[in-house]
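Engineer: Pasted the sequence and its predicted model underneath.
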Amino acid sequence: MSHIFISDLKPGDKVNQFFLVKRKERRRARNGKDFLDLTLADKTGSLNGKIWSEHLEGLEPLFSEGQFAGVAGRVEAFQDELQLTVEKIRGIRHWSPEQLEKAGFDPDLLVPPPPVEIEPLWEGLTRLVREEIRHPALKQLTLTLLLTNAAAWKKWPASKVYHHAYAGGLLEHTLKVTAMAFEITRLFPELHRDLVLAGAVLHDIGKLRELEGPYSEQNTFEGQLIGHLIQGRDMIREAAQALEWDDPRLLTQLEHVLLAHHGQLEFGSPVVPQTREALVIHMLDDLEGKLKMMTDQIHRDRGEGPFTDWHRVLKRKILKEPVSTSQDPNAADPSSGAVEESR
């Protein structure tokens, strides 16, 4: 199969190639008939797909969300957007290795490469834990959870849509929050340093159970009903059973950091931050995520004005131009002797 990138598709094109199925949802049309609404993707973007009622029963069992599939259909325009009417689809689990090779299956065409280098991020995160967390049980707990889940942690996105929504995004977000947390503990020595660092590393670990996989836009059954805050708390409890704690309340405080890191009840936290350490992780998580959303909005915007389009999550426009660093030519240069002379 020759692959036409989604970015190059146009109305009238016929396709017979592989896609990543990011979303698969059964819906009902106005005529009362069921259909499947899909999000198909390759490395250049995503495309809406439809399987109408006449093909539904035969095709629905042949593929799964979050997996690759061979797809045949035709591209149409609907409300100024491209849409693929799917006539045939078959997940790669129904293909033999020989068939996949003959068809030219290449996952590198279907998944965009991570915008960050994974191994240096992973090395930085594990080194920080080994060198900077001093409490024996907190260090062992954090390292155990990191190393046990290493493969998934390197692949999982940090979110489905809002920020770091790509392979390796969870690792990038985790390292940035942890690096900021490290600096905060230097400014505020009254904080429990090891608790802050362990909480920063582990605050989103529940997403490894909440999301169906690195390429899916859907939650697992448990993830939908329970959510990653409580799932993360459960992962900590499971791993902590094999460790000795000189102060069992420390483990409870770490659980509190995870449960409170969304900050407010209406944002999904079952409790609000009631310790300084929990407040720090909540605010750093929120700060890093929102800075990433602002940066992404600036990079996506193609308008000519100084501000981006409205960001529906942040509920604001964002200034695209950097703040000028030019100086008044008459102002004293702090690197010159003028500062010294004025003292």
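Structural biologist: Received, thanks.
Engineer: so how far is L243 from E57?
Structural biologist: When C-beta to C-beta, to the nearest Å is the yardstick, E57 and L243 sit 52 Å from each other. Where you see a C-beta, it was placed from the backbone N, CA and C, and this is true even at glycine.
Engineer: biggest helix in the protein, by residue count?
Structural biologist: Scanning the chain for the longest helix, with DSSP state H as the assignment, gives helix 276-300.
Engineer: and that one, what other elements does it pack with?
Structural biologist: For helix 276-300, the helices and strands in contact under the criterion 3 or more C-beta pairs under 8 Å, 6 or more residues apart in numbering; DSSP states H and E are helix 169-187, helix 193-202, helix 248-260.
Engineer: avg pLDDT for it?
Structural biologist: Predicted confidence along helix 276-300 averages 94 (mean pLDDT).
Engineer: Contacts for it, please.
Structural biologist: Contacts of helix 276-300 with the rest of the structure, by C-beta atoms under 8 Å, 6 or more residues apart in numbering, involve 158-159, 162-164, 173, 176-177, 180-181, 184, 188, 190-192, 195-196, 199-200, 203-204, 253, 256-257, 260-263, 273, 308-309, 311, 313-314, 318, 320.
Engineer: distance between stretch 24-37 and the chain's centre?
Structural biologist: Taking the mean of its C-alpha atoms, stretch 24-37 sits 28 Å from the chain's own mean (C-alpha atoms, centre = their mean, to the nearest Å).
Engineer: So which bits of that stretch are buried?
Structural biologist: For stretch 24-37, the buried set under the neighbour-count rule, 16 or more other C-beta atoms under 10 Å, comprises K24, F35, L36.
Engineer: ditto for stretch 224-234
Structural biologist: For stretch 224-234, the buried set under the neighbour-count rule, 16+ other C-beta under 10 Å, comprises I226, G227, H228, L229, I230, Q231, G232, R233, D234.
Engineer: Centre of the chain to it, how far?
Structural biologist: 16 Å.
Engineer: Just the buried residues of stretch 24-37: which are in strands?
Structural biologist: Of these, the ones assigned to strands by DSSP state E are K24, F35, L36.
Engineer: Select only the buried ones of the contacts of helix 276-300 in PyMOL?
Structural biologist: A single PyMOL command suffices to select whichever of those are buried according to 16+ other C-beta under 10 Å:
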select buried, resi 158+159+163+164+173+176+177+180+181+184+191+192+195+196+199+200+203+204+253+256+257+260+261+262+263+273+308+311+318
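Engineer: just the strands in the stretch 1-150 of the chain please.
Structural biologist: Applying DSSP state E, counting those that start in this stretch to the stretch 1-150 of the chain gives strands spanning 14-28, 34-42, 45-51, 67-78, 81-91.
Engineer: Contacts for the last one next, please.
Structural biologist: Taking contacts as C-beta under 8 Å, 6+ apart, the residues outside strand 81-91 that touch it are 6, 9-11, 15, 21, 36, 38, 40, 47-52, 55, 59, 62-64, 67-77.
Engineer: Could you do the second one as well?
Structural biologist: The set of residues external to strand 34-42 that reach it, using C-beta under 8 Å, 6+ apart, is 3, 5-6, 19-29, 46-53, 56, 59-60, 71, 84, 86, 109-111, 215, 217.
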